[in-house]
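K.L.:
Take a look and give me a structure for this.
(one chain, ligands or ions: 1)
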Amino acid sequence: MLAQVETPGLVRHEVGFDAGATTTCTAARFGAARVPPTVSERRRTTGALRPMPNNVNLEPDDLLELSATTIGHYDNSAQSFWQGTKDHDVTQNRSALLRHIEHSETDPPFQILDLGCGPGRDLIAFRDAGHEPTGVDGAANFCAMAREVSGCPILHQNMLALDLPAEYFDGVFANAVLFHVPTQELPRVLGNLHASLKPGGVLFASNPRGDDREGWNGDRYGAYHSYERWTHLVTAAGFEELEHYYRPPGKPREEQPWLATVYRRI
Ligand SMILES: C[S@@+](CC[C@H](N)C(=O)[O-])C[C@H]1O[C@@H](n2cnc3c(N)ncnc32)[C@H](O)[C@@H]1O
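P.N.:
Residues are numbered from 1 along each chain as shown. So this is what the prediction gives:
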C-alpha cells in the first residue's frame with residue numbers, strides 16, 4: 001500500500017481531513033480581531049485549517065516563517081523521508097507528464113524541472129529514461145541528497161521566490177509539492193512556472209485534495225484544493241487542462257486522496 005501513495009503521513013492526514021476534521025477558531029478569530037495573529041500564534045491553534053478564500057493577508061514575514069517551518073520539517077526528517085518514499089511508485093505521474101510532452105512533438109531529451117524534488121527519486125527516473133532533469137527544493141539536505149543520488153543539477157530555492165530560466169523547460173513535474181504554497185501566492189508561483197516553460201510546455205501537479213481549506217498540518221503548511229478551485233487557479237495562470245485523475249489508481253474515490261492534474265502552457 002505504501003508503494004502507491006506519495007507521502008504516507010499526508011495521505012493519513014488528508015483522509016482525516018476529508019472525513020471532516022474541522023477547526024472553528026482560526027477563521028473566526030481573524031474576522032473578529034481584524035488584526036491577524038502571527039503565524040506562530042496560528043500554529044498553536046490545533047488543526048488550524050481555515051476556509052478559502054481566506055480573509056487573511058499573509059505578510060512577507062508570515063510567508064517566510066511558514067515556508068521556513070515547512071522546509072525545516074523536511075530538512076529535519078530528510079533521511080527517514082528518503083527511506084519512506086524512495087520506493088513509492090509514481091510511474092503513472094511521470095508517464096502522464098512525458099506522454100503529454102511527447103504529444104507536443106518535442107524531441108527528447110526533455111528538459112524537466114522537478115519542483116520540490118525532495119531527495120531525488122524522480123530525478124533518477126527521468127535521468128534513466130534519457131531526459132535532462134533539474135531539481136529544485138528548499139530543503140538543503142534534500143538538495144545535497146538529490147545531487148548525490150542523481151548527479152543532476154539541483155537548485156536550492158524557496159518556491160515562494162523562484163529564480164528560473166525563461167522558456168527553458170519542456171515540462172515541470174510538481175509531485176506533492178504545490179500544496180505547500182499558500183493560495184494567495186499561488187498565482188505568482190504558477191506564473192513563475194509558466195514563464196519557465198517553453199510555449200506548449202507541460203505542467204504536472206499532484207496534490208492532496210480537499211475542500212478548499214488551508215493551514216497547518218503539524219509543522220507543515222498546506223492548502224487543500226478541490227478540483228474546481230485548483231483548475232480555476234491554474235487556468236487563470238495561463239494553462240489549459242490536458243487531463244486529471246485520482247490516486248492511488250483502482251480504488252474507490254473516497255480512498256483516493258491525491259488529485260493528479262496535467263496542463264499545457266498556452
Ligand atoms: C511531500 S514532499 C515531496 C517530495 C517529492 N516531490 C516526492 O514526490 O517525493 C514536498 C517537497 O516540497 C519541498 N518544499 C516544501 N515547501 C517548499 C518551499 N517553500 N520551497 C521549496 N521547496 C519546498 C520539500 O522540501 C519537499 O521536498
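
K.L.:
make it CA atoms for all contacts and neighbour counts henceforth
P.N.:
Will do.

K.L.:
which bits of the stretch 151-266 of the chain sit near the ligand?
P.N.:
157, 158, 159, 160, 175, 176, 177, 180 (CA under 6 Å from any ligand atom).

K.L.:
Name all residues that make contact with the third one.
P.N.:
With contact set as CA atoms under 8 Å, 6 or more residues apart in numbering, residue 159 has these partners: 116, 137, 138, 181, 189.

K.L.:
Where helices are concerned, which of these count?
P.N.:
Using DSSP state H, the members of the contacts of residue 159 that fall within helices are residue 189.

K.L.:
how about CSV for the contacts of residue 159, with pLDDT added?
P.N.:
Shown next, in CSV, are these (pLDDT from 0 to 100):
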residue, pLDDT
116, 98
137, 98
138, 98
181, 97
189, 98
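
K.L.:
which one among the contacts of residue 159 gets closest to residue 230?
P.N.:
Using CA to CA, residue 181 comes nearest to residue 230 of the contacts of residue 159, at 12.2 Å.

K.L.:
Show the backbone phi and psi for the closest one.
P.N.:
Main-chain dihedrals, residue 181, degrees, to the nearest 10: phi -90, psi 120.

K.L.:
I'd say it and residue 224 touch.
P.N.:
No. Look at residue 181 against residue 224 with CA atoms under 8 Å: they stay out of range, at 10.1 Å.

K.L.:
and the two? which has more neighbours close in?
P.N.:
residue 224 (27 against 21; other CA atoms under 10 Å).

K.L.:
Can you name the residues that contact that one?
P.N.:
If you count contacts by CA under 8 Å, 6+ apart, residue 224 has them with 179, 207, 208, 209, 210, 211, 212, 213, 214.
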